[in-house]
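Undergrad: just to be clear, the model below is a prediction. Sequence and coordinates:
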Amino acid sequence: MADGKIDHERHRYPYCIVWCPIPCLTWLFPFIGHMGIAMSSGVIRDFAGPYYVSEDNMAFGHPTKYWQLDPSLAVGGAAGWDGAVAEASEIYSHRMHNLCCDNCHSHVARALNIMLYDQSKRWNMVTLCFLMMLKGKYVSWGAMAKTWIPPMMLLGIMITVILCTRFNY
């Protein structure tokens with residue numbers, strides 16, 4: 001499936017950066033989640049833990065957001081895209097995972113830097129976080145709910161506790 005068409009039912013996102021929430025962490029910080037990058041076939045690769053890059057099985061479930069990129073902006077086009085994702089995955093399969101500094105976002109940034117996506121070698125985890133927030137699309141209304149209901153419930157509980165402790169009954 002190198003036609004570049006997204007297939008939500010089969011969870012295929014060719015030339016996409018994908019994102020899903022991390023339970024508990026995303027509830028507290030809704031902009032933080034797990035990220036992967038898909039090959040031209042739509043198969044997702046993600047740095048899922050120490051010395052492990054998964055293929056077609058994201059660490060925290062199916063993507064809830066995706067951002068489709070243009071493979072013609074990668075050096076070498078579709079072949080360059082796949083080669084860069086494979087190379088970044090090989091590099092990260094020999095690295096220790098670190099939640100703050102060397103993580104799934106770093107793996108995606110490395111792939112984009114290797115392919116010189118949009119003629120840039122300045123991709124990093126912070127840039128990707130913000131761009132996914134701004135340019136990412138939810139795969140469905142259910143995916144949006146999966147992302148936002150837990151933090152909204154937590155916020156509601158916090159507001160209720162604060163208001164109840166402020167007013168002495």
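TA: Yes, it's here.
Undergrad: so residue 42 versus residue 3, what's the distance?
TA: Residue 42 sits 9 Å away from residue 3, going by C-beta to C-beta, to the nearest Å. For glycine as for every other residue, the C-beta is placed from the backbone atoms N, C-alpha and C.
Undergrad: for residue 110, same thing?
TA: Distance, residue 110 to residue 3, using C-beta to C-beta: 26 Å.
Undergrad: work out for me the element the residue most central in space within the chain sits within.
TA: Centroid check for the chain by C-alpha atoms, centre = their mean gives residue 35 as the closest residue, at 2.1 Å. Assignment of secondary structure by DSSP states H and E places residue 35 within strand 33-38.
Undergrad: residue 137 contacts residue 66, correct?
TA: Yes: Residue 137 is in contact with residue 66 according to C-beta atoms under 8 Å; the separation is 6.1 Å.
Undergrad: more neighbours: these two, which one.
TA: residue 66 (26 against 13; other C-beta atoms under 10 Å).
Undergrad: next up, the contacts around the more buried one.
TA: With contact set as C-beta atoms under 8 Å, 6 or more residues apart in numbering, residue 66 has these partners: 6, 13, 16-19, 136-137, 139.
Undergrad: which members of those residues occur in helices, if any?
TA: Nothing among these maps onto helices, per DSSP state H.
Undergrad: okay if I get those residues as JSON lines plus distance to residue 152?
TA: Shown next, in JSON lines, are the contacts of residue 66 (distance: C-beta to C-beta, whole Å):
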{"residue": "6", "distance to residue 152": "27"}
{"residue": "13", "distance to residue 152": "26"}
{"residue": "16", "distance to residue 152": "26"}
{"residue": "17", "distance to residue 152": "25"}
{"residue": "18", "distance to residue 152": "23"}
{"residue": "19", "distance to residue 152": "18"}
{"residue": "136", "distance to residue 152": "19"}
{"residue": "137", "distance to residue 152": "20"}
{"residue": "139", "distance to residue 152": "19"}
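Undergrad: returning to what we had before: can you name the residues bridging to the residue nearest to the centre of the chain?
TA: Legend: beta-bridge partners of residue 35 under DSSP bridges are residue 19.
Undergrad: give me the contacts around stretch 96-113.
TA: Here stretch 96-113 makes contact (C-beta under 8 Å, 6+ apart) with 17, 34-37, 45-53, 59, 84-85, 87-89, 91-92, 95, 120-125, 127-129.
Undergrad: returning to what we had before: spatially, which two of the contacts of residue 66 are the most separated?
TA: The widest separation within the contacts of residue 66, taken as C-beta to C-beta, falls between 6 and 19 and amounts to 14.2 Å.
Undergrad: this completes my enquiry, with thanks.
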